[in-house]
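Q: Got a predicted structure plus its sequence, pasted below:
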Amino acid sequence: MFSDGAWAGPEAEATFLPWPSSLDAERLTQLFRRLVLRMLVRKRRMNQATADRLLGWHHSGFSVFLGDPIAPGNHESRRRLARYLVRSPLSLERMRYDPATCQVLYGSTRQHRTRRMSALDFLAELSAVVPDHGQHLVSYWGRHSNRARGSRDRAMAARVGTSTTGAAPAASDPMPAEDPVFQKKRKTFRLAWAALLRKVWNVDALACPRCTSPMRVLAAITQPAVIERILRHVGLFDLPRAPNSHDCPTPPLTADGQALLIFPSRPLAAHQATPAPEHDGDPRLHDSWPVDPPFVDD
């Protein structure tokens, strides 16, 4: 999501220049295509001959969507577009878990198909789209980057300091915390944790479950032992056991490696595979494990 133009001049006194009318989606696609291939060549992930051959393809595989511009005051449309860009990779409404077979069923709205996979295969595919710890999913570039915003804040602080005290602070000094402009800016972009939960998950954590009146936070408990004691006292403490590989039968495989689903007339327990003989020192054969631990030879 980018601005419908660019800025020219110094950061503090930049002038906005709108995009020319000739810059359509096809031109942006070609520009994006050439910049990506040039970056791959520069990082030595591709040689120049391969990049030139890819530039000759009629169907490049690159695409740019250029929709209607959003007006500066249309905050709801901008929020809706931002939510679409960072949407979840899966939908809970189209997912269903079958505890009898330990399989996950995920439906497709376009092709009207339902994919069936084991729970472990589903978690393995889901882990590929889970970001690493501390990884940022949203980045800001250009005028909206942290460096550019910090430069504008320092310039604003310099102007405020000049008008009030007659002496401008150094360019490297941050905006003073007691400055009213700084406080207004911080309060404008600061959201409480409850507002973020309501905005993302549509859950009002500060609403009373009995009368829906607003509640206020008295204290934050972070000790696990105290939390467990309180939850046990009110009868809400529950640690469900994770599914074990011995709980569900292993479906037979076809010649191409696909799982062959069998719906027997007798209970599933009668069709479970005979367990392998026990071996000393192998913890995978003991049901006391909540989940099967990972092994290198698996």
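A: In hand now; what should we look at?

Q: Give the burial count for the closest residue to Ser63 other than its chain neighbours, as a bare number.
A: For Ser63, ignoring the flanking residues on the chain, the nearest one in space by CB to CB, 6 or more residues apart in numbering is Thr29 at 6.1 Å. Just so you know, the C-beta spots here come from the backbone N, C-alpha and C atoms, and that holds for glycine as well. Neighbour count of Thr29, defined by other CB atoms under 10 Å: 16.

Q: so who does Thr29 touch?
A: Neighbouring residues of Thr29 by CB atoms under 8 Å, 6 or more residues apart in numbering: Ser60, Phe62, Ser63, Val64.

Q: What does it show for phi and psi?
A: Note on Thr29: backbone dihedrals following degrees, to the nearest 10 are phi -60, psi -40.

Q: how's the protein carved up into domains?
A: The record, using automatic domain parsing to delimit domains, assigns the chain the ranges 5-85, 92-127.

Q: will you turn those domains into JSON lines that also has distance to Arg232 and mean pLDDT?
A: JSON lines is the format used below for the domains of the chain (distance: least, CB to CB, whole Å; pLDDT from 0 to 100):
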{"stretch": "domain 5-85", "distance to Arg232": "38", "mean pLDDT": "87"}
{"stretch": "domain 92-127", "distance to Arg232": "26", "mean pLDDT": "87"}
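
Q: out of those, nearest to His144?
A: Distance to His144, taken as CB to CB, is lowest for domain 5-85 among the domains of the chain, at 10.5 Å.

Q: Quick check: end-to-end length of the closest one?
A: With CA to CA, to the nearest Å as the measure, domain 5-85 spans 20 Å from end to end.

Q: likewise stretch 116-131?
A: 24 Å.

Q: again with stretch 126-136
A: Note: stretch 126-136 ends 18 Å apart using CA to CA.

Q: contacts for it?
A: Outside stretch 126-136, the residues within contact range by CB under 8 Å, 6+ apart are Pro89, Leu90, Leu137.

Q: what's the answer for stretch 203-223, then?
A: Applying CB under 8 Å, 6+ apart, the external contacts of stretch 203-223 come out as Trp193, Ala194, Leu197, Arg198, Ile227, Ile230.

Q: what about dumping the CA coordinates of that stretch to PDB?
A: Output of stretch 203-223 as PDB, limited to C-alpha atoms (Å, rounded to 0.1, in the frame of the first residue of the first chain):
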ATOM      1  CA  VAL A 203     -13.300  -9.100  21.800                       C
ATOM      2  CA  ASP A 204     -13.900  -6.500  24.500                       C
ATOM      3  CA  ALA A 205     -11.700  -7.700  27.400                       C
ATOM      4  CA  LEU A 206     -12.800  -4.900  29.700                       C
ATOM      5  CA  ALA A 207     -16.500  -5.600  29.400                       C
ATOM      6  CA  CYS A 208     -18.100  -7.400  32.300                       C
ATOM      7  CA  PRO A 209     -19.400 -10.900  31.200                       C
ATOM      8  CA  ARG A 210     -22.500 -10.500  33.400                       C
ATOM      9  CA  CYS A 211     -23.700  -6.900  32.900                       C
ATOM     10  CA  THR A 212     -21.400  -5.800  30.000                       C
ATOM     11  CA  SER A 213     -20.500  -2.600  31.900                       C
ATOM     12  CA  PRO A 214     -16.900  -1.400  31.600                       C
ATOM     13  CA  MET A 215     -14.300  -2.800  34.000                       C
ATOM     14  CA  ARG A 216     -11.000  -1.400  35.100                       C
ATOM     15  CA  VAL A 217      -7.700  -3.100  35.800                       C
ATOM     16  CA  LEU A 218      -6.700  -3.400  39.500                       C
ATOM     17  CA  ALA A 219      -3.500  -5.500  39.100                       C
ATOM     18  CA  ALA A 220      -1.600  -7.700  36.700                       C
ATOM     19  CA  ILE A 221      -0.700 -11.200  38.000                       C
ATOM     20  CA  THR A 222       2.300 -12.700  36.300                       C
ATOM     21  CA  GLN A 223       3.300 -15.500  38.700                       C
END
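
Q: one step back: just curious, which of the contacts of Thr29 is nearest to Leu17?
A: Closest to Leu17, out of all of the contacts of Thr29 and judged by CB to CB, is Val64, at 19.9 Å.

Q: need the contacts of Thr29 in a markdown table with distance to Ser145 and neighbour count, can you?
A: Converted to a markdown table, those look like this (distance: CB to CB, whole Å; neighbours: other CB atoms under 10 Å):
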| residue | distance to Ser145 | neighbour count |
| --- | --- | --- |
| Ser60 | 29 | 16 |
| Phe62 | 24 | 16 |
| Ser63 | 25 | 10 |
| Val64 | 21 | 14 |
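
Q: Good, wrapping up.
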